[in-house]
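1. A structural model of the following input is requested.
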Amino acid sequence: MYTSKFLLQTSTFLLLCAANASAAELSSVGQFMPMVHINIEYNEFLGELDVHVDSGVPQMTPLSILSPGDSFSPTAPWYTTLDPSQEGQAWTRRFGFVSTLDPAPVDRFFWIDLNATSDNLEAYFYRETPETFTPIFGTDGSSTLWEFPNSMTHPVFATSLAGDYSISGSVYIGDASGIMDITYDAAPFTLNFTAVPEPSTYALMAGVAGACIAFVRQRKRKIG
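-> Numbers count the residues shown, from 1 in each chain. Take a look at the predicted model:
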């Protein structure tokens, strides 16, 4: 039995290392389709604010499963959180905040109040150029308030725990400092996620992938 188990583990290691031989170092955190929009709908004529979330339950998946053998650049700000050799968290960027009707009133802004950490999630404002990976929505002690930047934005939501997730927040109209303008009612919304596979599965694969990356890099140094 132990011999069979050893052979299976060895075969898996060799197969993953073979994949790593042609593995890519990714320069960005990809976005998968279809998008799930969180539509901020302000009707200037009626003075009413609403939020509509498209149907869909984004699946958070680690890079070790999405693209076995690939890795992120060690200099990227998201490397520690998402790279398989580091925390290797499961993630998604399918949710996108977007304003679909009228802009906020003069000297007023759309604010999003959401505590991702209430359900063991992390959230980051992501931008490819310049590279940005800033904790938001309560992550790492950040504020749960976030000002919508007036352009479609797809944050990174991440977790190290498998399961189903549901977090609720609200969008409101406020001044530049985030103080709510009580002229307008806040609009609630709920985001649903799922994270797969089981943590032990991708933790094991992350460890194997990390070993493979080190193995391949060592071989390249010897060859070079």
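
2. my guess is Asn39 contacts His52, does it?
-> Yes. Contact status for Asn39 versus His52: in contact at 4.4 Å, counting by C-beta atoms under 8 Å. For the C-beta atoms, the positions are set from N, CA and C on the backbone; glycine is no exception.

3. Ser118 should be in a strand, yeah?
-> No. Per DSSP: H, G, I helix; E, B strand; the rest coil, Ser118 lies outside any strand segment and is helix.

4. contact partners for the closest residue to it other than its chain neighbours?
-> Nearest non-adjacent residue to Ser118, counting by C-beta to C-beta, 6 or more residues apart in numbering: Ile167, 6.3 Å away. Applying C-beta atoms under 8 Å, 6 or more residues apart in numbering, one finds that Ile167 lies in contact with Leu114, Asn115, Ala116, Ser118, Asp119, Leu121, Thr190, Leu191.

5. measure how buried the fifth one is and give me the count.
-> Same thing as Asp119. 16 (other C-beta atoms under 10 Å).

6. ok, it to Gly138 distance?
-> Distance, Asp119 to Gly138, using C-beta to C-beta, to the nearest Å: 10 Å.

7. and Gly174, what does it touch?
-> Arg108, Phe109, Trp111, Met180, Asp181.

8. show the buried residues in those residues.
-> Arg108, Phe109, Trp111, Met180 (16 or more other C-beta atoms under 10 Å).

9. what are the phi and psi values for the first one?
-> The phi/psi pair for Arg108 (degrees, to the nearest 10) reads phi -130, psi 160.

10. equivalent analysis for the second one, please.
-> For Phe109, the backbone dihedrals are phi -140, psi 160 (criterion: degrees, to the nearest 10).

11. pairing partners for it in the sheet, please.
-> Gly174 (DSSP bridges).

12. okay but it is in contact with Phe148, surely?
-> Yes. Using C-beta under 8 Å, Phe109 is in contact with Phe148, at 7.1 Å.

13. need the overlap of contacts for those two.
-> By C-beta under 8 Å, 6+ apart, Phe109 and Phe148 have no common neighbours.

14. in this structure, which residue is closest to the centre?
-> Val156 (2.5 Å; C-alpha atoms, centre = their mean).

15. what helix or strand does the nearest residue to Met35 once chain neighbours are set aside sit in?
-> Spatial nearest neighbour of Met35, excluding adjacent residues (C-beta to C-beta, 6+ apart): Gly96 at 5.1 Å. For Gly96, the host element (DSSP states H and E) is strand 95-99.

16. counting by contacts, list what that strand packs against.
-> Applying 3 or more C-beta pairs under 8 Å, 6 or more residues apart in numbering; DSSP states H and E, we find strand 95-99 packed against strand 36-43.

17. which residues sit against the strand it packs on?
-> Against strand 36-43 from outside (C-beta under 8 Å, 6+ apart): 48-56, 58, 94-104, 110, 148, 152, 171, 173, 187, 189, 191.

18. give the rounded mean pLDDT of it.
-> Mean pLDDT, strand 36-43: 98.

19. buried set for it?
-> Val36, His37, Ile38, Asn39, Ile40, Glu41, Tyr42.

20. and the residue nearest to Ser73 when sequence neighbours are not counted, how close does it get to Gln89?
-> Leaving aside its sequence neighbours, Ser73 sits nearest to Glu25 (C-beta to C-beta, 6+ apart; 5.6 Å). Glu25 sits 18 Å away from Gln89, going by C-beta to C-beta.
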